[in-house]
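Participant: make a model of this:
(one chain, ligands or ions: 2)
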Amino acid sequence: MANPFRLPMVPRALRNVVSRPATRRYPTEVRPAFSGARGAIEFDLETCNFCMLCARRCPAVAITVSREDRSWAIDQLTCIACGVCVEVCAKKSLSMSTRPGRVHTRSEIGADGRRPGRKEWLKPVPAPEPAPAAE
Ligand code: SF4
Ligand code: SF4
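Facilitator: Numbers count the residues shown, from 1 in each chain. Ligands and ions are numbered 1, 2, ... in the order given. Down below sits the predicted model:
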């Protein structure tokens, strides 16, 4: 089509007016996850035995495990969603979720220097059995 105004952007602008949007209105319109899609790591505190294998194998050093404190933590901004931790966990405590979640940005770093996207779980130590009453 000849361009009567000799403006190169006019045909493109007209096409954009009548065409569908190139992007989705996330989060109101969410794209369904495709087969094999990777997402955020989900952790099950109940089954974890704090063996630390996931932390040792994580290529991005995104996982911190403490056997003494019985704590497990992940830095979602550092995680590259490779799935290695999910594969090596013998207790099946880790999985990948493709549910849309909250997006974190580095601008959220607080005054205390704490990175955004870091989530920690702490397994409560069971209370000791009460000592039997003296007779
Ligand atoms: S590999 Fe599994 S069981 Fe071991 S610390 Fe990681 S999540 Fe827990
Ligand atoms: S998915 Fe990969 S980068 Fe993310 S925590 Fe697991 S091993 Fe580390």
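Participant: next to ligand 1, which bits of this structure? Give me the list.
Facilitator: Residues of the chain lying near ligand 1 by CB under 6 Å from any ligand atom: 48-54, 65, 88-89, 91, 93-94. To be clear about C-beta, it is placed using only N, CA and C from the backbone, and glycine gets the same treatment.
Participant: who wins for neighbours among the residues you listed?
Facilitator: Using other CB atoms under 10 Å as the neighbour test, the residues of the chain next to ligand 1 are led by residue 54, with 25 neighbours.
Participant: measure it to residue 72 for me?
Facilitator: 8 Å (CB to CB, to the nearest Å).
Participant: quickly list what's touching both of those two.
Facilitator: With contacts taken as CB atoms under 8 Å, 6 or more residues apart in numbering, residue 54 and residue 72 have 63, 65 as neighbours in common.
Participant: re earlier: want to throw the residues of the chain next to ligand 1 into JSON lines with pLDDT and secondary structure?
Facilitator: Below are these laid out as JSON lines (pLDDT from 0 to 100; DSSP: H, G, I helix; E, B strand; the rest coil):
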{"residue": "48", "pLDDT": "97", "secondary structure": "coil"}
{"residue": "49", "pLDDT": "96", "secondary structure": "coil"}
{"residue": "50", "pLDDT": "97", "secondary structure": "coil"}
{"residue": "51", "pLDDT": "97", "secondary structure": "coil"}
{"residue": "52", "pLDDT": "97", "secondary structure": "coil"}
{"residue": "53", "pLDDT": "98", "secondary structure": "helix"}
{"residue": "54", "pLDDT": "98", "secondary structure": "helix"}
{"residue": "65", "pLDDT": "97", "secondary structure": "strand"}
{"residue": "88", "pLDDT": "98", "secondary structure": "helix"}
{"residue": "89", "pLDDT": "98", "secondary structure": "coil"}
{"residue": "91", "pLDDT": "97", "secondary structure": "coil"}
{"residue": "93", "pLDDT": "97", "secondary structure": "coil"}
{"residue": "94", "pLDDT": "97", "secondary structure": "strand"}
